[in-house]
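Participant: quick one, fold the following:
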Amino acid sequence: MSDNQFYYNPNSGKKPRAHSAPKRKNVALRRSGFGVVAVIVVISLIAGGTYIYARSRFNSIKKVSVSNLDTQINNQPINILLVGNNSRTILNGKQASAFGTGAQVGGARSDVTMIAHLDPKTKTVTLVSIPRDLFLPIPGSNKSNRVDAALNQGPGQLVATIEQDLGIPIQHYAELNFDSFQSLVNALGGLYMYFPYYVKDAQTGLNITQKGCQYLNGTQALALVRSREMYYSSDGVNYSPDGLGDLSRIRRDHEFLKVLATQVKAKGISNPLKLNSILGAIFPYLSLDSSFSFNQIFSIASTFRNISPSNVGSVTLPIAFENNYTYLGASYGDVVFAAEPQDSTIINQNLGLTTPTMPRNSFTVSVLNGTGTYNQAAEVSNGLSTLGYQIKSTGNTTVLGNNLETIVRYQPGKLADAERVKADLSGPVVMGMGSITTGSDVEVITGNQLTVATPTANATSNTSAATPTTTSSATTIANSTPITAPITLAATQSTQSLQPWDPRACPTQPVG
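Facilitator: Below you'll find the predicted structure:
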């Protein structure tokens, strides 16, 4: 199965990809989007040289026009969308021979999607990872797809998807070519990680046959950070699967990033020649949005240059699994859904956002039955009405698939209203801006495993609280089909401790 099936077009006649990565020659080199996280390190390194040197380096970075970016306010927190683009169309001949040409592997996917939240007042940095298989509404349509497919329509589409569906404002955009990660590690002269177990992944070429602190070159490091089907062994003979795919990869990548940043700071800042080599390995493949000025970057670098990698927080949006997902009559393999209220809690806590608290009756809401479950729209609208919402209408809509997520669709300019409604729903729930047939401000298209919050005392007051619950027969949707894995599984927690078999920083990190 080829990479051009990561983005599924129902009209193409091609079968969409399965969850597992395909096997082929040089598969270890096929994706290295994780290298984009090095942008945080690069920002701090730019300030390590003189102003003139930094400006000359900045001028070599490709600038791209990115639509839908949020207006930045001076001295306010900044969200930088970090993207690893695995498109083959930008590779040179040598790279294409290893990774495949654009003709062989078409399209572009955001193999890694992270939001770097930089708060200049507290001088803190937090990385929020968005799982690549997160199924979200597509801006400009009433359909959905994986978030990694949004990049096919340009960076502005990916920005719009995150802003409209998750309510996260994005101020700037940074993208790296998928070969740059390998080049960065090699420019450092390799790095070291501690392996408490033997580990391997046939899909990426990972094969660590010794325990302890091991040297990794660019190719080996790439095989590690790409690993989604890792097997581990304490004796080198009997191997067990990690089993959590992309979630485990993200967990290990967060640890790898800290090791990488430590190595860059140790080897690069104090050595002008090494710094020049590091920047030379990254900058030819780095793209920034055209509104990201040199003075802004230099200011960011000056503010955050002394931050310790160990103090960079990292979380992953909680998700709900859906195996063998069928949507619009096509099989999408394994996908993941947003999980509420967990996602909103993580977003608010780590990105400094808050849920709007305007009166529930200050806008109109319609409810459409999206699953075909008997009386579902009426039950949901009754629950919302009890909370104080102004219900405009109820009805039915086309059932697009099995085990659907609930979509809180809203008119342009009504994001806050949608966030208000979403806060009173739990389960696989996501937002989406688009056309609304009922004429209301917000339209709830019901999915499976949806729960409406139960009202507290004075439920219709402007500041009333509501508590999502799965025990109230009056507000829980009857006869709904459960998703494959409940959203309360440990695997969907935002922060996961390293497992005993996961590689980590060496107890004493070699830097020579």
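Participant: quick check, pLDDT for the spatially most central residue of the chain.
Facilitator: Most central in the chain under CA atoms, centre = their mean is I130, positioned 1.5 Å from the mean C-alpha point. If you check I130, the pLDDT there is 93.
Participant: contact partners for it?
Facilitator: Listed by CB atoms under 8 Å, 6 or more residues apart in numbering, the contact partners of I130 are T113, M114, I115, V147, I162, L166, T316, L317. Every C-beta, even on glycine, is put in place using the N, C-alpha and C of the backbone.
Participant: mind checking how far the third one is from G383?
Facilitator: Think I115. 32 Å (CB to CB, to the nearest Å).
Participant: the second one now?
Facilitator: In this structure, M114 lies at 36 Å from G383, with CB to CB as the measure.
Participant: and the first one, by the same measure?
Facilitator: Between T113 and G383 the distance is 33 Å, computed by CB to CB.
Participant: check the fifth one too.
Facilitator: Distance of I162 to G383, computed by CB to CB: 29 Å.
Participant: wait, P131 touches D246, no?
Facilitator: Yes: counting by CB atoms under 8 Å, D246 is a contact partner of P131 at 5.4 Å.
Participant: okay, and the common contacts of those two?
Facilitator: V336.
Participant: the two: who's more crowded?
Facilitator: P131 (23 against 19; other CB atoms under 10 Å).
Participant: which two of the contacts of I130 have the greatest separation?
Facilitator: I162 and T316 (14.5 Å; CB to CB).
Participant: before we move on, back to that, I115 and G383: who's more crowded?
Facilitator: A count of neighbours by other CB under 10 Å puts G383 above the other of I115 and G383, at 25 against 22.
Participant: isn't there a helix covering that one?
Facilitator: Yes: the assignment for G383 is a helix, going by DSSP: H, G, I helix; E, B strand; the rest coil.
Participant: okay, it: pLDDT?
Facilitator: On the pLDDT scale, G383 gets 96.
Participant: what sits closest to it if chain neighbours are left out?
Facilitator: V452 (3.3 Å; CB to CB, 6 or more residues apart in numbering).
Participant: identify the bridge partners of T364.
Facilitator: Residues in a beta bridge with T364, per DSSP bridges, are Q390.
Participant: tell me who's in contact with it.
Facilitator: Counting by CB under 8 Å, 6+ apart, T364 has contacts Q390, I391, K392, S440, D441, V442.
Participant: for V442, see how far away the first one is.
Facilitator: Between Q390 and V442 the distance, using CB to CB, works out to 10 Å.
Participant: and the spatially closest residue to D424 that is not a sequence neighbour, how many neighbours?
Facilitator: Spatial nearest neighbour of D424, chain neighbours left out: A453 (4.3 Å); criterion: CB to CB, 6+ apart. Using other CB under 10 Å, A453 has 22 neighbouring residues.
Participant: so between Q390 and V442, which is more surrounded?
Facilitator: Neighbours per residue (other CB under 10 Å) separate Q390 from V442, with V442 holding more: 27 against 15.
Participant: any idea how far V185 is from P284?
Facilitator: For P284, the distance to V185 - CB to CB - is 16 Å.
Participant: neighbour count winner among those two?
Facilitator: Legend: neighbour count by other CB under 10 Å for P284 and V185, higher for V185 (26 against 15).
Participant: from what I can see that one touches G218, true?
Facilitator: Yes: V185 is within contact range of G218, at 4.0 Å (criterion: CB under 8 Å).
Participant: so what's N276 scoring on pLDDT?
Facilitator: 77.
Participant: starting at the chain centroid, how far to the host helix or strand of V159?
Facilitator: For V159, the host element (DSSP states H and E) is helix 155-166. Offset of helix 155-166 from its chain centre (CA atoms, centre = their mean, to the nearest Å): 11 Å.
Participant: which stretches of the stretch 401-512 of the chain have low pLDDT?
Facilitator: 457-496, 509-512 (pLDDT under 70).
Participant: that older thread, could you dump the contacts of T364 to CSV with distance to N74?
Facilitator: Shown next, in CSV, are the contacts of T364 (distance: CB to CB, whole Å):
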residue, distance to N74
Q390, 38
I391, 42
K392, 41
S440, 37
D441, 32
V442, 33
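Participant: check contacts around A338.
Facilitator: Counting by CB under 8 Å, 6+ apart, A338 has contacts L134, L136, D165, L166, L317, I319, A320, E405, P428, V429, V430.
Participant: which of the residues you listed sits closest to M230?
Facilitator: Using CB to CB, those come closest to M230 at I319, 18.9 Å.
Participant: show me where the stretch 51-200 of the chain has its strands.
Facilitator: 62-64, 78-85, 110-119, 124-129, 135-137, 144-146, 172-177, 191-195, 198-201 (DSSP state E, counting those that start in this stretch).
Participant: between those, which one is nearest to P155?
Facilitator: strand 172-177 (5.5 Å).
Participant: nearest to A505, of the strands of the stretch 51-200 of the chain?
Facilitator: strand 191-195 (6.5 Å).
Participant: not counting its own residues, what contacts that closest one?
Facilitator: Against strand 191-195 from outside (CB under 8 Å, 6+ apart): 185, 208, 210-216, 221, 224, 256, 259-260, 263, 503-507, 509-510.
Participant: please redo it, this time with the cut-off set to 10 Å
Facilitator: For strand 191-195, contacts defined as CB atoms under 10 Å, 6 or more residues apart in numbering pick out 184-185, 208-218, 220-221, 224, 232, 252, 255-256, 259-260, 262-264, 266-267, 501-512.
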